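Engineer: how would this look folded up:
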Amino acid sequence: MDQLLSWISAHQEMIYIVVLMIFVGIEVIGRVPSVLHTPLMSGANAIHGVVIIGAIIVMGKAEEGNIIALILGFLAVVLGTLNVVGGFVVTDRMLEMFKKKK
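Structural biologist: Here you go, the predicted model:
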C-alpha cells in the first residue's frame, strides 16, 4: 500500500492531466454533430488499425516464456479488430441514411 501511495504522489501531475483529458474528451465528443460522425469514425478506424499492428509486433517479439505478453497481445488484436469492424459497420449505416430512396 505504501508503494502505491508513493507512486501516486510521484506521478500526481500525470494523473491530473489524464483525468482532465478524460473530461475534455467527453465534452468535445458530446458536442460533435452527427454530420461529422463518418469522417471522425474513419480516423478512429485508422488509429485502431495501428493498434492492431502494434499488438501483432508485440506478440511477434515476445519471449517464448512470456505468456502475459502473448495473452495481452492476442486480446489487443481481437478487441482492436472488433472495434475496427464495428466502426465500419456504423459508418456504413450512417452513409446509408444519406442515400436517396428509390
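
Engineer: Please name every helix or strand in contact with the helix or strand bottoming out on mean pLDDT in the chain.
Structural biologist: Lowest on mean pLDDT, DSSP states H and E among the helices and strands of the chain sits helix 37-61, with a mean of 80. Using 3 or more C-beta pairs under 8 Å, 6 or more residues apart in numbering; DSSP states H and E, the elements in contact with helix 37-61 are helix 67-98. Any C-beta I mention is one placed from the backbone N, CA and C, and that applies to glycine too.

Engineer: Distance-wise, check the residue nearest the centre of the chain relative to residue 2.
Structural biologist: The residue lying closest to the centre of the chain (C-alpha atoms, centre = their mean) is residue 48, at 6.0 Å. Distance, residue 48 to residue 2, by C-beta to C-beta, to the nearest Å: 38 Å.

Engineer: same deal with residue 18?
Structural biologist: In terms of C-beta to C-beta, residue 18 sits 23 Å off from residue 2.

Engineer: follow-up on the earlier one: so the least confident helix or strand of the chain versus helix 67-98, what angle?
Structural biologist: Angle of helix 37-61 versus helix 67-98, following axes from the mean of the first three to the mean of the last three C-alpha atoms, to 10 degrees, is 160 degrees.

Engineer: distance between helix 37-61 and the chain's centre?
Structural biologist: 8 Å (C-alpha atoms, centre = their mean, to the nearest Å).
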